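Engineer: Structural data only, the sequence is not supplied:
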C-alpha cells in the first residue's frame with residue numbers, strides 16, 4: 001500500500017497575511033474610511049450597502065494626525081455621575097449580601113436584588129430609580145396563586161369544588 005506523505009512548510013508570516021492580495025486601486029484597505037472621516041465622502045460607484053458598511057466601520061475610529069487611525073475602545077464622554085454609579089453598585093451589593101447565604105446562590109438572587117433596587121423608593125421626590133431612568137413605574141411580577149371567589153362564581157363551580165380547589 002502506497003501512502004502519500006504530507007508536506008509541511010513553515011512560513012515566515014501568518015497565513016492570513018499571505019492571502020491578502022494587493023488592493024486594485026493601490027490604496028490601503030482603510031482609505032475609504034479615512035476619506036469618509038475627513039471629508040464625509042464615499043467612493044465613486046459605492047452602493048447603499050457599501051456606504052452603510054463604511055459608516056459602521058468608521059464609528060469605531062477617529063483620526064489622530066494626518067492618516068493615523070486609532071481604535072477608540074474607551075468612552076471618555078461618559079461621566080462618572082459624581083459617584084452615583086458606585087453608590088448604586090454598593091447598594092445592590094448590600095442587598096445581595098443580605099439575601100444570599102453563600103456565594104453559590106449569588107446568580108439565583110441577583111435578579112431579585114436588582115428588582116428590589118429598581119422598585120424601592122429612595123429619592124427625595126419619591127420616585128424610584130426605574131422611574132427616573134425609563135419614565136414609567138416598574139411592573140411588579142406577581143403570580144396569583146389563590147383566585148378569588150368571583151372567578152369561580154363566573155365559571156359556575158359549586159361551593160364544595162371551590163373549597164376543595166382552595167384547599168389543594
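Structural biologist: Sure, I can see it. Computed from a prediction, not measured in an experiment: that's the story for all the values here.

Engineer: Report the residue spans of the chain with pLDDT below the cut-off.
Structural biologist: 1, 13-23, 60-82, 121-123, 140-163, 165-168 (pLDDT under 70).

Engineer: Strands of that one, residue ranges please.
Structural biologist: Ranges of strands in the chain, per DSSP state E, are 61-64, 68-71.

Engineer: contacts for the biggest helix by length in the chain?
Structural biologist: Secondary structure of the chain per DSSP state H: the longest helix is helix 84-99. With contact meaning C-beta atoms under 8 Å, 6 or more residues apart in numbering, helix 84-99 is reached by 80, 106, 109-110, 112-114, 116-117, 129. Glycine gets a C-beta too; all of them are placed from N, C-alpha and C.

Engineer: Mind listing what's buried along it?
Structural biologist: Going by neighbour count (16 or more other C-beta atoms under 10 Å), the buried part of helix 84-99 is 91-92, 95-96.

Engineer: Dump those residues into TSV; add distance to residue 124 as well.
Structural biologist: Output for these, formatted as TSV (distance: C-beta to C-beta, whole Å):
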residue	distance to residue 124
91	16
92	20
95	21
96	25
